[in-house]
Each structure stands twice: as C-alpha cells, then as structure tokens.
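In: Here is my input; please provide its structure:
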Amino acid sequence: MTPHLAATLGWLALALQAALGLLCAWHALLTKRDPRSALAWIGIVLLLPLGGPLLYFIFGVNRIRTRHRRLRRFPLPLEFGYEQPDDAGMTDPAPGAMPEGPIARASARISHRACLPGSHIERLHNGDQAYPAMIEAIRSAERYVYLSTYIFGASGAARDIIDALKAAQRRGVTVCVLIDGLGQWYTLARAAPALREGGVRVARFLPLRLWPPSVHVNMRNHRKILVVDGEIAFTGGMNIADYHVLGDGSRRGVIDLHLRLRGPVVSQIEAVFAEDWRFATGQALPEPAPPGGMAGEAACRVITDGPNEDLDRLALVLLAAVSAAQRRIIIMTPYFLPGRELLGALQAAALRGVDVRILLPGKNNLPYVHWATRNQLWELLQHGVQVRYQPPPFVHSKCLLVDEDYAQVGSANLDPRSLRLNFELNVEVFDPAFNAALSADFESAWAPARPVTLQEISQRGLAERTRDAFCWLFSPYL
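Out: Numbering: from 1, shown residues only. Okay, here's the model as predicted:
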C-alpha cells in the first residue's frame, strides 16, 4: 500500500467515524425526552470514536414497535421520531369502564383499557402457595396453556412445573412458553431444553445473538403470565425458580407475591401474552374470548409498560394515583429509584398530610441499587415520608396501595429500568376487600421492619456517601 493510499484511507475512516458520531448525536437530540440523557449521549458518541456509537446502538436506542404496521422482530437501529406511540393522544376506552374516580379516569385514558368489573383475586405468597396452584391449573387445562416468565429454572419446584407443562402437551393441550432472552441465563439449569424435549413450543424474547443481529441488552420482557383456557390467570412478581420456596424457613430464599385471577380481567392478560408471542415468533395465537362472566367483586384493569407503544404509561398511572391520594400511600418494592416526578409527588403527598410509607429490603440482592437508593432517601425523609427496611430473607414483592380502595400488583419495580426499559405488566384493583387484605399483609411486614431515619442517612461517612452518589449516577440503567 502506497503512503498516499494509506493517507486517503485514514482520512476516509476519520470521516466515517465523524459522520457516524454526528448521526447518533442527531438521533439522540431528536428522540430523547430528558435533556440530561440527550446531552450525555451526545457527549459519548462525539468523544468516543466508534466506541461511542456502538454503546449508543446497544444501550441508547430503545424504540421497539410491537403492534400495527411496525411489527418486526429486528427494528432499524436508528429510527427517527419521538419516543411515543402512534396513537399517543390519551383517549377514552370503550364505554362501560368501571369504576369512577380520578385514578380510574386517568388510568383509563392512559392505558386505553376498560376497567372490567366482576373478577376474583387471590393472593399467593411465595412459591409455596403459587407453584402448587399453578401446577393444579396446568393439570386442569383442556385447550391451552400460555406461560411467560423472565427467569425459568429447571430444578426443584421449577421442575415440577416443567413436568406439568410437558404432561399437558402430551394429552393434546396447546402449550406455549415465552422466556426472556437474557433472563434465561440467570440459572445454570435452564427450562427451555427440557420443555422442547417434551414437544412444548418455547420462544425466547429478544435473545442476544450476533446473527441475525439482536443486541437489545436493556429491553427485557419482565412480565410474569400464566393463562389456562382463558378461565384462570396468574401474574405478579414471581419468577419460576427454586429459591422462591421458603417452606424450610430459609433466610436465603426470596419472598414474593403472586395473584390468581378469574373473571373478565383474564382476557386482558391473555391478550398481552398473545401480543408478546407474536412479537417473539411472528405467529398469531387465536383471539382471546370476550371477557367472561362475573367471578367476584373486584374491578380490574391491566396496565402494560415497555419501550414500545406503551412507553411511560405505568409511570403516568403511578403519578396519577399518588397525586390523587387523600389518606394514605403504601409502597412495597425491592428496587426503589423514583424519577424526579414521582419523588416530588410523594413529597407533596406527605406535605399535605397523606400517610406515606415505603417498605424496602434491608439487604438487597443488588447492593448497588440499595446504595443508589440511599442517596435519595433524605429527600423523602425530610418531608415526613416513613421508610423502613425489612429483615432477611430478601423481599421481591411489589405493591402499591392508595387510600382504601385502590391497589396495584405486578412485575414492575419503581426504578428506571422497569418504568423505561423493561416490558412490564401490573394489575390495578379497585376493591376495598382486596385492599384490606393486602393492607394486612403490609402491616405484618411493616411491624418488624427497621425504621430509617434522616439522622442515619445524614450521618453516613464521606466514603459511604461517595459510593452511594456514584451508584446513583448510573440509576437509569441499574
């Protein structure tokens, strides 16, 4: 190669790097809602040749269309347009939405789903209660079983669920299992091979692979869904893994909450699974049957959230619920990194006399999330919000209670990953009886928990405060 040719190629490489950096910077400028995020990404792509655009391609582009004309498994990496749905305007759902009230009205317009009366809900604590109930439902299946989970192990109690799914497939039931493409690697023993051996249809949601290219590291399907024959559904925060079984009193397991539901809301949960299955496989499942008859007294609605058309819907519903609270707000979550809007709404609620209580795990399975949270707690404590730490074992349960008639349970945590990057599913429940039962569960966990004081947070050492603040810097991706 002549010196002249080498110099020409060098200049062409520099021009290509500059063009790629400018293109990514332009994309960030036009699509990011938060100016801090836009500025950070612009700096990264311009200051780090090649590496910056590559990081932006993997972590910075979070637009996925799962419905309408734009349904595709591998969207173009740089699609210009705001991070908003095609039908971004908040419109009223179908007539007949129940019940009335400011939270119900706001949620209806945000979610585009009706709140259906007549569902029956049961609380299932840990795998000790949830897994036997799920197995019983699978064994009773006559037509189909749809299951979606983030983590699916293949040992202990998880093996029993695998065996039940395989047995259902053998007797002619249609069994479809959707496992997250990243979550599947969280356990050494994986369920997918064992399920495929039994003829079960298994799909992975956005698996990581070089070809065809799929590098959506952040966009994970965190939903937990089991639907049997359109008659019964399970959802909540529980993965399928042996550590959720705490029958031996182990302090190393994971406490969690799941729901068993019957009635009209089951059709909404099934529709979410069908949409995810079509996105992952390109195959359409039969249309869910219309909402069934009355099974209980609860009015329920499914709230979905994700980096697609549903972006920010759950965050908006949470803000509406907190802002409408008159007497109390109760939050239990394993990961608590609220954005400025939700943080301000909680502060304002406490200042106007609402009893705001937040229950967090005292020892988190993700220490860096715990440290980042401690960097924010003083802003709540100084305005009268009560915070307590639960003793081990680690509590993975997620619920929100507002006043005496509104509750929300599901897969979403109160952190940016859940509210901006993951595909999540929560069920909101308008029912005083369910609210009272969930409140009793909360009070039993609140009583032995250790109060966190403003003095404790203020007296952290310089090294501890530095560590907490450093982790907090990365809170959008923790």
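In: in the stretch 151-300 of the chain, what spans have low per-residue confidence?
Out: Applying pLDDT under 70 to the stretch 151-300 of the chain picks out residues 210-216, 248-251.
In: Domains in this structure, by residue range?
Out: 15-60, 116-300, 313-477 (automatic domain parsing).
In: Can you lay out the ones you listed as TSV showing distance to residue 100 and mean neighbour count?
Out: Every C-beta, even on glycine, is put in place using the N, C-alpha and C of the backbone. TSV is the format used below for the domains of the chain (distance: least, Cβ to Cβ, whole Å; neighbours: other Cβ atoms under 10 Å):
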stretch	distance to residue 100	mean neighbour count
domain 15-60	31	16
domain 116-300	10	19
domain 313-477	10	19
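In: out of these, nearest to residue 107?
Out: Shortest distance between residue 107 and the domains of the chain, using Cβ to Cβ, is found for domain 313-477: 5.0 Å.
In: quick one: that closest one to chain centroid distance?
Out: Its chain's C-alpha centre and that of domain 313-477 lie 15 Å apart, by Cα atoms, centre = their mean, to the nearest Å.
In: What separates the first and last residues of it, distance-wise?
Out: 19 Å (Cα to Cα, to the nearest Å).
In: those helices in the stretch 151-300 of the chain, which residues are they?
Out: 157-170, 191-197, 265-281 (DSSP state H, counting those that start in this stretch).
In: any chance of the domains of the chain in TSV, with distance to residue 105 too?
Out: Output for those, formatted as TSV (distance: least, Cβ to Cβ, whole Å):
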stretch	distance to residue 105
domain 15-60	24
domain 116-300	13
domain 313-477	9
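In: To residue 306, which of those domains lies closest?
Out: That would be domain 313-477 among the domains of the chain, by Cβ to Cβ, at 3.8 Å.
In: and the closest one, what's its mean pLDDT?
Out: In this model, domain 313-477 carries a mean pLDDT of 96.
In: Helices along the stretch 1-150 of the chain, start to end?
Out: Using DSSP H, counting those that start in this stretch, helices in the stretch 1-150 of the chain cover 3-31, 35-47, 51-55, 102-111, 126-139.
In: so what secondary structure elements neighbour the first one?
Out: Here helix 3-31 touches helix 35-47, helix 51-55, going by 3 or more Cβ pairs under 8 Å, 6 or more residues apart in numbering; DSSP states H and E.
In: Relative to the whole chain's centre, how far out is it?
Out: 37 Å.
In: same thing with stretch 245-264?
Out: With Cα atoms, centre = their mean, you get 18 Å for stretch 245-264.
In: Would you mind measuring the gap between the ends of that stretch?
Out: 30 Å.
In: Stretch 401-418 too?
Out: First-to-last residue span, stretch 401-418, Cα to Cα: 19 Å.
In: right, and residue 271 touches residue 286 too?
Out: No - applying Cβ atoms under 8 Å as the test, residue 271 and residue 286 come out as separate, 11.3 Å apart.
In: Adding mean pLDDT and distance to residue 301, write the helices of the stretch 1-150 of the chain out as a markdown table.
Out: Compiled in a markdown table, the helices of the stretch 1-150 of the chain are given as follows (pLDDT from 0 to 100; distance: least, Cβ to Cβ, whole Å):
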| stretch | mean pLDDT | distance to residue 301 |
| --- | --- | --- |
| helix 3-31 | 78 | 29 |
| helix 35-47 | 81 | 30 |
| helix 51-55 | 83 | 38 |
| helix 102-111 | 94 | 6 |
| helix 126-139 | 98 | 22 |
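In: Nearest to residue 208, out of those helices?
Out: Nearest of these (Cβ to Cβ): helix 51-55, 15.0 Å.
In: Tell me the helices and strands packed up against the closest one.
Out: By 3+ Cβ pairs under 8 Å, 6+ apart, helix 51-55 packs against helix 3-31, helix 35-47.
In: Distance to residue 439 for the ones you listed - can I get that in a markdown table?
Out: A markdown table is the format used below for the helices and strands packed on helix 51-55 (distance: least, Cβ to Cβ, whole Å):
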| stretch | distance to residue 439 |
| --- | --- |
| helix 3-31 | 41 |
| helix 35-47 | 37 |
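In: got the phi/psi numbers for residue 449?
Out: phi -70, psi 150 (degrees, to the nearest 10).
In: what are the phi and psi values for the residue lying closest to it once chain neighbours are set aside?
Out: Distances taken as Cβ to Cβ, 6 or more residues apart in numbering place residue 388 nearest to residue 449, at 3.7 Å, with adjacent residues excluded. The phi and psi values for residue 388, taken as degrees, to the nearest 10, are phi -130, psi 150.
In: Please give me every residue in contact with residue 388.
Out: Contact partners of residue 388, counting by Cβ atoms under 8 Å, 6 or more residues apart in numbering, are 357-360, 446, 449-452.
In: Can you show me the CA trace of the strand ranked longest in the chain as CSV?
Out: Assignment by DSSP state E gives strand 116-125 as the longest strand of the chain. The C-alpha coordinates for strand 116-125 follow below in CSV (Å, rounded to 0.1, in the frame of the first residue of the first chain):
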residue,chain,number,x,y,z
LEU,A,116,-63.7,-4.6,34.0
PRO,A,117,-65.9,-5.4,37.0
GLY,A,118,-66.5,-8.9,38.3
SER,A,119,-63.1,-10.5,38.8
HIS,A,120,-62.0,-12.7,41.7
ILE,A,121,-58.4,-12.3,43.1
GLU,A,122,-56.4,-14.5,45.4
ARG,A,123,-53.1,-13.6,47.0
LEU,A,124,-50.4,-16.3,46.7
HIS,A,125,-47.3,-15.9,48.9
